[in-house]
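>>> Sequence and predicted structure are below.
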Amino acid sequence: MRRSDIPARWPVVIVLLHWTMTAALLAMILGGFAMSRVAEAAAEAGDFSLTVLGIPVFEAYQLHKSIGVLLFGLVLIRLLFRVALPEPDLPEHTKTPERFAARAAHVGLYMLMFGLPISGWLLVASSPLGIPTQVFGLFTFPHPIGPDAGRDALFHTAHWAGAWALCGLASVHTAAALKHHVINRDSVLEAMLPVRRSKDERSDIHAE
């Protein structure tokens, strides 16, 4: 069996943004869960000298917020490139339900990538602590609303729910890409990899 339906490769800028944002989002989610646990422990003990991976909890939150602002900008840039540049089509053997699911997953991922920074922004703005957002220590990012305990609880729930939803949808997205690569033996995954084998190498590997 040979790969007979190899789609075009994603544009280089999309590939770079994809993997950069994947690494940043993974760090943000894992760091966010760790920060929350440390912050709860610090509040209970009254000891705010506790650290998250060696970073004081206050500075960890500021770093988390700074990367969130950066990620929001990267999502905007990525969406612009996604609209402006041609994208590879799915293989011909891909069934209509799979095409619909792939499209829905991409839309969902973009919604979550936009929604998480926005809910985080509204969360810190609503916090009764009233702590300003310092973006990498360079400037203060404005808050659109003022402190409010009720809104704080609402946006906290929304932010956490969004983080778990992103974990779930990203897992499904990854599983689908691996299914294309391992079971379907098409080039959906390779089209997004930084390095792609030559046509001759692929033919030799997948020839029966």
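Received the coordinates, thanks.
>>> in the longest helix seen in the chain, what's buried?
For the chain, the longest helix by residue count, based on DSSP state H, is helix 12-45. Within helix 12-45, the residues that qualify as buried are 14-15, 17, 21, 25, 28-29, 31-32, 35, 38-39, 42, counting by 16 or more other Cβ atoms under 10 Å. C-beta: built from backbone N, CA, C; applies to glycine.
>>> Now do it: which elements does it pack against?
In terms of contacts (3 or more Cβ pairs under 8 Å, 6 or more residues apart in numbering; DSSP states H and E), helix 12-45 is packed against strand 51-52, helix 57-84, helix 149-179.
>>> To Thr96, which of those lies closest?
Taking Cβ to Cβ, helix 149-179 is the member of these nearest to Thr96, at 15.2 Å.
>>> how distant is the closest one from the center of its chain?
10 Å (Cα atoms, centre = their mean, to the nearest Å).
>>> Now that helix: average pLDDT?
The average pLDDT for helix 149-179 rounds to 95.
>>> and it with helix 12-45, angle?
Going by axes from the mean of the first three to the mean of the last three Cα atoms, to 10 degrees, helix 149-179 is angled at 140 degrees with respect to helix 12-45.
>>> any low-confidence regions in this structure?
For the chain, the stretches flagged by pLDDT under 70 are 1-8, 48, 196-208.
>>> again, only using 90
Across the chain, the ranges flagged by pLDDT under 90 are 1-11, 31-61, 82-95, 129-131, 180, 184-188, 190-191, 193-208.
>>> which residue ends up closest to the midpoint of it in space?
By Cα atoms, centre = their mean, the mean C-alpha position of the chain lies nearest to Leu25, the distance being 4.1 Å.
>>> Contacts only, for that one.
Leu71, Met113, Leu166, Ala170 (Cβ atoms under 8 Å, 6 or more residues apart in numbering).
>>> do Ser49 as well
By Cβ under 8 Å, 6+ apart, the residues touching Ser49 are Ala42, Pro56.
>>> try 10 Å this time
By Cβ atoms under 10 Å, 6 or more residues apart in numbering, the residues touching Ser49 are Ala42, Pro56, Val57, Phe58.
>>> picking up where we left off before, export the helices and strands packed on helix 12-45 to CSV and tack on distance to Ser127 and mean neighbour count?
As requested, those are exported to CSV (distance: least, Cβ to Cβ, whole Å; neighbours: other Cβ atoms under 10 Å):
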stretch, distance to Ser127, mean neighbour count
strand 51-52, 18, 17
helix 57-84, 10, 16
helix 149-179, 5, 15
